[in-house]
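>>> Quick one: sequence and predicted model below, then my questions.
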Amino acid sequence: MPKRGKKYRQAISSVDRQKKYDVTEAVESAIKASYAKFDETIDVAVRLGVDPRHADQMVRGTVVLPNGIGKEVKVLVFAKGEKEAEAKEAGADYVGNDDLIEKIKGGWFGFDKAVATPDMMGSVGKIGRLLGPRGLMPNAKTGTVTFDIAKAVQELKAGKIDFRVEKAGIVHAPMGKVSFGVEKIVQNLAAFLDTILRLKPTSSKGTYLKGIAISTTMGPGIKIDTAYVKDLVK
C-alpha cells in the first residue's frame, strides 16, 4: 500500500474511523478534512443487501440532484431534423447524427453524456463498443434514449446522475463539491438516498441499507449511521 502523505494523515486523525456519524456530522467532517488544493468532489458509497448477479436484485436508476454536481456537463445528442433544433434550443453542446458518429469513430470523446432519439439507435449501436466501456452509451432505462430531447438535455445539465449497483453490492455516486457547503451536500444526499430506498427490489431480504460512507476525492472515508437515513428522506 502506498505511503500516505502528511496532509492525509492529519486529515484522517480528525475523523473517528470507527464511529458512525449522523448525516450532517459526516458531511461536516468530510469538508473539514479536505486538504487538496482543488475543489474536491464528495462521493458516497452505499452497500446494499442485494445480489446483483440476480436480475431481480439489480438496483439501477437516475436522480436529478437538487444542487447539481458542481461540474459543467457537456451533452451530446444524436438526432435528425426538428429534434436537432430541439436539442440545440435545450442547451445541448453537440448535436448531429452520422457526422458525430464518424467523429467518435476517429477517437473523439469530448462530452460527458450522450442522448439519442430512438430512430438513431440503429446507427449509434454501431459505435456501442466505443461508447459502452466509457459509460457514454444512450440507454432507455436512464432516460437517454427518448424523443423528449429537451427534457433529457435539461435534466442532464441540471445535475441528473445515473447509477447502478456493482458486483460487490455497492453503489457509488458523486454528491457535489466541497465548495457547496454542508447544506447543499446534505440535500443532494437526501435526494439520492430517497431514490435508492424507492428502488429496493421486492426480492431483497434482510437489511437493505447495509452501510453508507462518504469521502472527498483525496480524503478518508467517513461512515454514516443508516438509522438516520429515514429521517433525512422524510
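Looks like it came in fine.

>>> doesn't Ala227 fall inside a helix?
Yes. Checked against DSSP: H, G, I helix; E, B strand; the rest coil, Ala227 lies within a helix.

>>> From Lys234, how far off is it?
14 Å (C-beta to C-beta, to the nearest Å). All C-beta spots, glycine's among them, are computed from the backbone N, C-alpha and C.

>>> neighbour count winner among these two?
Legend: neighbour count by other C-beta atoms under 10 Å for Ala227 and Lys234, higher for Ala227 (10 against 7).

>>> Please list all residues in contact with that one.
By C-beta atoms under 8 Å, 6 or more residues apart in numbering, the contact list for Ala227 is empty.

>>> try 10 Å this time
For Ala227, the contact set (C-beta atoms under 10 Å, 6 or more residues apart in numbering) comprises 20, 22, 209.

>>> Just the buried ones from these, in ChimeraX syntax?
A single ChimeraX command selects the buried members of the contacts of Ala227 (16 or more other C-beta atoms under 10 Å):
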select :20,209
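
>>> Next, format the contacts of Ala227 as CSV and append pLDDT.
Shown next, in CSV, are the contacts of Ala227 (pLDDT from 0 to 100):
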residue, pLDDT
Lys20, 87
Asp22, 91
Leu209, 94
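
>>> shouldn't Ala30 be in contact with Ile185?
Yes. Contact between Ala30 and Ile185 holds when scored by C-beta atoms under 10 Å: they sit 8.0 Å apart.

>>> any common contacting residues for the two?
In contact with both Ala30 and Ile185: 42, 44, 175, 178, 214, using C-beta under 10 Å, 6+ apart.
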